[in-house]
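[1] Structure of the sequence below:
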Amino acid sequence: MDSPDSPKAPSPDESPHEIVVIGSGIGGLTAAALLARYGRRVLVCESHAIPGGAAHSFSQRGFHFDSGPSFYCGLSDGRSLNPLKQVLDVLGESVAAVPYDPLGHYHFPEGTFPVYCQGDRYRAAVADITPQGARELAQLEQRFLQIYDGLRDIPTLALRADWQLVPFLLSRYPWALLKLLPQVRSLQSSAGDLLDETVRDPWVRRLVDLECFLLSGLPAAGTVAPEMAFMFGERTNSVVDYPLGGSGAIVQALVRGLEKWGGTLRLNAHVEQILVENGQAVGVRLRSGEAIAAKTVISNATLWDTYTHLLKPDDLPADHRQSALETPAVDSFMHLHLGIRADGLEGLTGHHVVVQDPVERYDLAAPGHTCMISIPSVWDASLAPSGHHVVHAYTLEPYDGWQRDETYEARKRERAEPLYRALERVIPDVRDRLVLERIGTPLTHARYLRRHRGTYGPAIAAHQGLFPSTHTPIRGLYRVGDSTLPGIGVPAVAASGILCANTLVAPAATAALLRELA
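    Numbers count the residues shown, from 1 in each chain. The predicted model follows:
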């Protein structure tokens, strides 16, 4: 019960906002901007002073850092199936981006492997190591590309999360659905299933496991096949590119689209509670005490944060709440954000993955074992002062055991050592080049991104269930982001925003947007 002094929200019928979105991550901004494009009155409440959630950018001493995602595709290419590109197109927005190839370099204990986007070059690099493995990889690629080819005729912008999906697709894309029929089994498979059917070579199996892990946080056996199909398809048919201005440029494009079509973004507006009356969401209450009424509320917070912090326990059916909160989570991260001198690094490439341990101790998810490195100033010199580079390195790190006590600073430095060792595979004298260092821990991740235990998202393996839908048991309450279908990653969270937005409008409105996209 609210206390007698708690400010009351006006009736949703009297509110200037039809929809309130909690959080301005990619999923929340996509849903909000698309709903504004549909003509709905949308307000986005963001807890922090800058938008973007896990994809926000921040600046210190002239260095501009990405906080999270560092890999993007199809932003500058009309052939791309990237859901984010589709949304930007219908918003009338774009992001300037720089295509590049190779995609990156994977540094194994036994040597370095260049990962090319162009399929022939990719397989040729594999053939230099294992000719038989390259032939098997070609078979696996074809399986993935068949899935991609079946999906490409149905834009993500056409999808929704209610019963009207099937009749809508049948009316607009009957031949595309027919084309997909032979791929039904593969669509329900894991990448590991297809890997087992086509590849025996141990080196290639390790390579595919790593690529799956980088995409989903799980090895091939736990990664759904369509997710890998999308990655291979985009690399083959579109471009891998980096947005000029970093991930913040994508966020700003979505904000521009939101505001262009009449939506509103409020920063420093921390939502304390989702207001529920008789099983119906009726608005939100901010930390300041202000109550905002709305007929629909969309949470871009994680599943766990939505159900434990934003809702009261008795707002949800007990069995649903308990089941949802038992969803396994991917670990959090250690981060290094560095500013370094760039003299003598003219041949440096932008993406690197360092696998630290030999095959006999191979565990992709072990802390410090798989280290991801992004040096985006290779593509966009404006991200660093002249003569310098920005570096972002990160690796999985469990949340348990971290606390801000007298040992915190020493532990931060100790747990950052694997990242420095990984960086030394790429830039041997990186420590001597330092001009700026920031170390982030799971506590940093949890605090600044408002994420349950600093997690990367749900660890829902293929064949063990689907990511939760955008729907909740509470009428008028929906969820988007990386703890909803289709899952983790920038394209996936953008797709979650599309699914939610389309579900809230009539199919005819979506059909009109699709005609513009075409």
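[2] List the contacts of stretch 415-427.
    Stretch 415-427 has contacts (C-beta atoms under 8 Å, 6 or more residues apart in numbering) with 105, 107, 112, 334, 336, 340, 345, 348, 352, 354, 356, 367-369, 371, 373, 391, 393-395, 397, 430-431, 433, 439, 441. In short, each C-beta sits where N, CA and C put it, glycine included.
[3] Quick one, which of those residues are buried?
    If you count burial by 16 or more other C-beta atoms under 10 Å, the buried members of the contacts of stretch 415-427 come out as 105, 107, 334, 336, 340, 345, 352, 354, 356, 367-369, 371, 373, 391, 393-395, 397, 430, 433, 439, 441.
[4] pLDDT below threshold where in the stretch 51-200 of the chain?
    Residue ranges of the stretch 51-200 of the chain with pLDDT under 70: none are present.
[5] how about the strands in it?
    For the stretch 51-200 of the chain, applying DSSP state E, counting those that start in this stretch gives strands covering 57-60, 63-66, 97-99, 104-108, 111-115.
[6] which residues touch the closest residue to Asn82 other than its chain neighbours?
    If the residues on either side of it in the chain are set aside, Asn82 comes closest to Gly74, at 3.9 Å by C-beta to C-beta, 6 or more residues apart in numbering. Going by C-beta under 8 Å, 6+ apart, Gly74 touches 80-82, 85, 234, 238-239, 241.
[7] Name the residues of the helix-or-strand element of the chain with minimal mean pLDDT that are buried.
    Ranked by mean pLDDT, DSSP states H and E, the weakest helix or strand in the chain is helix 184-187, scoring a mean of 86. Across helix 184-187, burial judged by 16+ other C-beta under 10 Å covers Ser186.
[8] Which elements pack onto it?
    Judged by 3 or more C-beta pairs under 8 Å, 6 or more residues apart in numbering; DSSP states H and E, the packing partners of helix 184-187 are helix 131-151, helix 225-237.
[9] wait, is Gly339 part of a helix?
    No: assessed with DSSP: H, G, I helix; E, B strand; the rest coil, Gly339 is strand; it does not lie in a helix.
[10] What strand or helix carries the closest residue to it other than its chain neighbours?
    In space, and not counting its chain neighbours, Gly339 is closest to Leu436: 3.4 Å by C-beta to C-beta, 6+ apart. For Leu436, the enclosing helix or strand under DSSP states H and E is strand 434-440.
[11] just to revisit the earlier point, could you pick out which of the contacts of stretch 415-427 are located in strands?
    In strands, defined here by DSSP state E, the members of the contacts of stretch 415-427 are 105, 107, 112, 334, 336, 340, 352, 354, 371, 373, 391, 393-395, 397, 439.
[12] just to revisit the earlier point, starting at the chain centroid, how far to the least confident helix or strand of the chain?
    24 Å (C-alpha atoms, centre = their mean, to the nearest Å).
[13] now do stretch 305-318
    How far stretch 305-318 lies from its chain's middle: 24 Å, per C-alpha atoms, centre = their mean.
[14] buried sites along it?
    Here stretch 305-318 shows 305-308, 310-311, 315-316 as buried, counting by 16+ other C-beta under 10 Å.
[15] Redo the residues you listed as TSV? Include secondary structure and pLDDT.
    Shown next, in TSV, are the buried residues of stretch 305-318 (DSSP: H, G, I helix; E, B strand; the rest coil; pLDDT from 0 to 100):
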residue	secondary structure	pLDDT
Asp305	helix	95
Thr306	helix	96
Tyr307	helix	96
Thr308	helix	94
Leu310	helix	97
Leu311	coil	97
Asp315	helix	96
Leu316	coil	94
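[16] and which of these is nearest Ala225?
    Within these, proximity to Ala225 (C-beta to C-beta) peaks at Thr306, which comes in at 28.7 Å.
[17] Could you measure from that closest one over to Tyr38?
    24 Å (C-beta to C-beta, to the nearest Å).
[18] try Ser189
    As for Ser189, its distance to Tyr38 is 35 Å (criterion: C-beta to C-beta).
[19] picking up where we left off before, please identify the most buried of the strands of the stretch 51-200 of the chain.
    strand 63-66 (a mean of 22; mean count of other C-beta atoms under 10 Å).
[20] what about that one, distance to the chain center?
    Offset of strand 63-66 from its chain centre (C-alpha atoms, centre = their mean): 18 Å.
[21] quick one: contacts for Glu414?
    Contacts of Glu414 (C-beta under 8 Å, 6+ apart): none.
[22] pretty sure it is in a helix, no?
    Yes: assessed with three-state DSSP, Glu414 lies in a helix.
[23] pLDDT score assigned to it?
    pLDDT, Glu414: 96.
[24] number of nearby residues for the closest residue to Arg287 other than its chain neighbours?
    In this structure, Arg287 finds its nearest non-sequential neighbour in His270, 4.2 Å apart by C-beta to C-beta, 6+ apart. For His270, the neighbour count with other C-beta atoms under 10 Å is 13.
[25] Quick check: His270 vs Ile50, distance?
    Distance from His270 to Ile50, by C-beta to C-beta: 14 Å.
[26] Also Thr236?
    Counting by C-beta to C-beta - Thr236 and Ile50 are separated by 35 Å.
[27] need the helices for the stretch 351-500 of the chain, in chain order.
    Along the stretch 351-500 of the chain, the stretches classed as helices by DSSP state H, counting those that start in this stretch are 408-426, 442-449, 490-503.
[28] Looking at the ones you listed, which is nearest to Ile250?
    helix 490-503 (7.9 Å).
[29] could you give the angle of the next helix or strand after that closest one to helix 490-503?
    Downstream of helix 490-503, the first helix or strand assigned by DSSP H and E is helix 507-517. Angle of helix 507-517 versus helix 490-503, following axes from the mean of the first three to the mean of the last three C-alpha atoms, to 10 degrees, is 130 degrees.
[30] average pLDDT for helix 507-517?
    Rounded mean pLDDT across helix 507-517 is 91.
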